[in-house]
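1. What would the 3D arrangement of this be:
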Amino acid sequence: MSYQKNDVLTVKIEDMGHDGEGIGKCEGYTLFVKDTVIGDLAEVKVIKAKKNYGYARLMRLIEPSAHRVEPVCPVARPCGGCQLQMLDYAEQLRFKEKKIAGNLQRIGGMTEIPMEPIVGMKNPFRYRNKAQFPIGQDRNGKLITGFYAGRTHQIMENRNCYLGVEQNEEILNRILAWMEENGVPAYNEETGKGLVRHVLIRFGFMTKEIMVCLVVNGKKLPAEEKLIKSLTELEGMTSITLSANRERTNVIMGKEIRCLWGQGYITDYIGTVKYRISPLSFYQVNPAQTEKLYGLALEYAGLTGNETVWDLYCGIGTISLFLAQKAQKVYGVEIVPEAIADAKNNAKINEIENAEFFVGKSEEILPAYYEQYAKDHPGEHAHADVIVVDPPRKGCEENLLHTMASMQPDRIVYVSCDSATLARDVKVLGELGYEVKKVRGVDQFPMTCHVETVVLLSQQKPDDTIE
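-> Numbers count the residues shown, from 1 in each chain. Below you'll find the model as predicted:
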């Protein structure tokens with residue numbers, strides 16, 4: 001059975017997709033329906049029809065799911081940033097666990113998965129320490145800020161995002177008031193004219209330090225002193241900076257950063273490790289869950305103080321410095337030079353001397369090190385006791401996985417932000433002699449479809465073979 005565009009159907013939602021859309025079937029025909037959750041009985045309208053599946057719009061809830069809840073945020077549905085806010089949080093966690101297991105089964109070829117319970121949050125709101133708000137105008141010329149509606153560049157007005165800290169709203173109020181009072185224009189993407197493009201806000205959950213960075217289509221601000229005076233009245237204000245971005249691009253931050261007031265960074269802690277964070281620093285946005293995530297990586301690494309550890313895709317050294325507290329030596333690798341500069345500085349301010357950092361692609365640095373070691377030590381190969389990887393969404397390149405296995409680490413700890421590419425890489429590592437011992441999800445991004453996963457792999461011994 002197939003259907004046509006504009007057909008109106010009744011469908012029971014039985015599952016959810018990777019982007020949080022509900023999945024139901026009508027006489028064997030699969031429909032993907034945004035804004036529905038498992039258990040909903042809904043009237044839907046087909047908006048795109050393929051031979052065996054289609055996409056539909058929710059028209060009316062005939063019978064809401066027992067797991068459906070009223071979103072806290074009034075613009076949750078049109079904004080699209082919180083794909084799961086209408087789903088009970090306990091059910092969100094079950095959905096994410098199922099997503100991880102499903103990918104490991106379907107893509108990774110695993111039949112038995114040693115899953116440990118997912119790590120959720122007691123309060124799954126107000127957890128983000130970073131937010132980027134586009135500035136624009138509505139149809140009447142009024143200055144607005146908020147977030148882009150899903151798959152558009154239309155600003156959905158909202159100064160009070162429930163995932164961000166409460167301080168964001170007052171900061172935005174003051175910036176927009178300053179713009180209105182002083183005739184400072186918002187940037188217009190279509191014309192390339194106007195000044196203020198975005199506002200970046202960072203907040204230190206432990207230190208309570210605040211950073212505000214204005215991204216502008218120029219080099220300076222009119223009435224700069226008035227803005228500084230207004231913002232510095234706020235408790236915790238530590239850094240006010242300007243990022244010049246005059247390119248016609250979707251990239252938010254410019255390459256030039258100028259400090260207007262205070263210092264060019266804020267500091268914060270994950271556990272006992274102190275980090276210095278600049279406007280361009282990569283830093284995990286959920287510090288409470290990050291401490292749990294890194295604690296889990298450290299637990300899986302099983303360090304005793306005698307190990308040599310490689311931390312690949314190390315960023316500003318967040319995991320590296322956690323590992324260095326328990327390892328003999330840690331080597332971190334990251335492609336972004338500014339991130340490595342931050343990593344070295346973070347090691348220095350924490351008085352950590354057993355961490356060394358390299359700039360470059362992990363898939364180039366590690367194989368080059370392995371080959372050079374073989375040349376310098378004939379008959380031997382480079383060895384690591386533990387290798388930790390925290391790659392981007394695309395996962396690891398296969399040549400890197402082969403080099404990792406060639407170094408014969410006792411344990412590999414794989415931290416992933418995409419369980420699909422994780423499953424693909426785990427399958428390759430399995431073929432190279434590494435067996436999955438533990439899998440655990442960490443909910444870094446409540447109310448969204450994203451979930452972090454930590455996997456422990458160890459060398460498969462001959463007696464591990466199942467007869």
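2. Surely Asn160 is in a strand?
-> No. Asn160: not assigned to a strand; according to DSSP: H, G, I helix; E, B strand; the rest coil it is coil.
3. List the residues that contact it.
-> Shown in contact with Asn160 (Cβ atoms under 8 Å, 6 or more residues apart in numbering): Glu166, Asn168, Glu169. Where C-beta positions appear, they are placed from N, C-alpha and C, glycine not excepted.
4. What's the mean pLDDT across stretch 112-132?
-> Over the span of stretch 112-132, the pLDDT mean works out to 97.
5. ditto for stretch 159-176
-> pLDDT averaged over stretch 159-176 gives 97.
6. Quickly find the element holding Ser320.
-> Taking DSSP states H and E as the definition, Ser320 sits inside helix 318-324.
7. Which residues does that helix contact?
-> 270-271, 273, 275, 283-284, 290, 294-295, 297-298, 301, 303, 309, 311, 314, 330, 332, 343, 346-347, 350, 352, 354-355, 357, 386, 388, 390, 415.
8. Then stretch 79-87?
-> Residues contacting stretch 79-87 (Cβ under 8 Å, 6+ apart): 19-21, 35, 37-38, 67-73, 76-77, 92, 95, 146-147, 149-151, 156, 158, 161-163, 447-449.
9. Give me the buried positions along the lengthiest helix in the chain.
-> In the chain, taking DSSP state H as the definition, the longest helix is helix 89-106. Judged by neighbour count (16 or more other Cβ atoms under 10 Å), helix 89-106 contains these buried residues: 89, 91-93, 95-97, 99-104.
10. List the residue ranges of the chain that fall below the pLDDT cut-off.
-> 462-467 (pLDDT under 70).
11. hmm, 90 instead?
-> 1-2, 17-20, 27, 76-83, 148-154, 250, 255-256, 280-283, 338, 460-467 (pLDDT under 90).
12. How about residues contacting the biggest strand by length in it?
-> In the chain, taking DSSP state E as the definition, the longest strand is strand 53-63. The contact list for strand 53-63, computed with Cβ under 8 Å, 6+ apart, reads 3, 8-11, 29-36, 40-48.
13. For whichever helix or strand comes after that strand, output the C-alpha coordinates as CSV.
-> Next along the chain after strand 53-63, taking DSSP H and E as the criterion, comes helix 76-79. As requested, the backbone C-alpha atoms of helix 76-79 are provided in CSV (Å, rounded to 0.1, in the frame of the first residue of the first chain):
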residue,chain,number,x,y,z
ALA,A,76,9.5,24.4,21.9
ARG,A,77,7.6,23.1,18.9
PRO,A,78,8.3,25.9,16.3
CYS,A,79,11.9,26.4,17.6
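14. how far does helix 76-79 sit from the chain's center?
-> Computed by Cα atoms, centre = their mean, to the nearest Å, the separation of helix 76-79 from the middle of its chain amounts to 20 Å.
15. all helices of this structure, in order?
-> Under the criterion DSSP H, the chain contains helices at 76-79, 89-106, 167-182, 224-231, 287-301, 318-324, 337-349, 362-376, 398-406, 419-431.
16. Now tabulate these in TSV and tack on distance to Ile135.
-> TSV is the format used below for these (distance: least, Cβ to Cβ, whole Å):
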stretch	distance to Ile135
helix 76-79	16
helix 89-106	31
helix 167-182	8
helix 224-231	13
helix 287-301	26
helix 318-324	30
helix 337-349	25
helix 362-376	36
helix 398-406	40
helix 419-431	34
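17. Deepest-packed of those helices, please.
-> Neighbour counts (mean count of other Cβ atoms under 10 Å) averaged over each of those peak at helix 318-324, with a mean of 26.
18. neighbours of Gly254, just the number please.
-> Counted by other Cβ atoms under 10 Å, the residues lying close to Gly254 total 23.
19. Are any of the contacts of helix 318-324 buried, and if so which?
-> Counted by 16+ other Cβ under 10 Å, the contacts of helix 318-324 give 270-271, 273, 275, 283-284, 290, 294-295, 297-298, 301, 303, 309, 311, 314, 330, 332, 343, 346-347, 350, 352, 355, 357, 386, 388, 390, 415 as buried.
20. and Thr249, which of the helices of the chain is closest to it?
-> helix 337-349 (18.7 Å; Cβ to Cβ).
21. what does that closest one contact?
-> For helix 337-349, the external contacting residues (Cβ under 8 Å, 6+ apart) are 273-278, 280-282, 314-317, 320-321, 324, 332, 334, 353, 355, 357-359.
22. next one: stretch 276-290
-> By Cβ under 8 Å, 6+ apart, stretch 276-290 touches 119, 121, 127-130, 200, 202, 204-206, 211, 213, 241, 243, 253, 257, 264-268, 270, 275, 293, 315-316, 318, 336, 338-339, 342, 345-346, 349, 442-445, 452.
23. Ok, stretch 391-405 next?
-> The contact list for stretch 391-405 (Cβ under 8 Å, 6+ apart) reads 312-313, 362-363, 366-367, 370, 387, 389, 412, 416-418, 421-422, 424-425, 428-429, 432-434.
24. End to end on that stretch, go ahead and measure it.
-> End-to-end distance of stretch 391-405 (Cα to Cα, to the nearest Å): 16 Å.
25. Spatially nearest residue to Tyr275 (excluding sequence neighbours)?
-> Sequence neighbours aside, Asn346 is the residue nearest to Tyr275 in space, at 5.3 Å (criterion: Cβ to Cβ, 6 or more residues apart in numbering).
26. ok, back up a step: give the buried residues for the longest strand of the chain.
-> Gly54, Tyr55, Ala56, Leu58.
27. ok, now stretch 257-267?
-> The neighbour-count check on stretch 257-267 (16+ other Cβ under 10 Å) flags Ile257, Leu260, Trp261, Gly262, Gly264, Tyr265, Ile266, Thr267 as buried.
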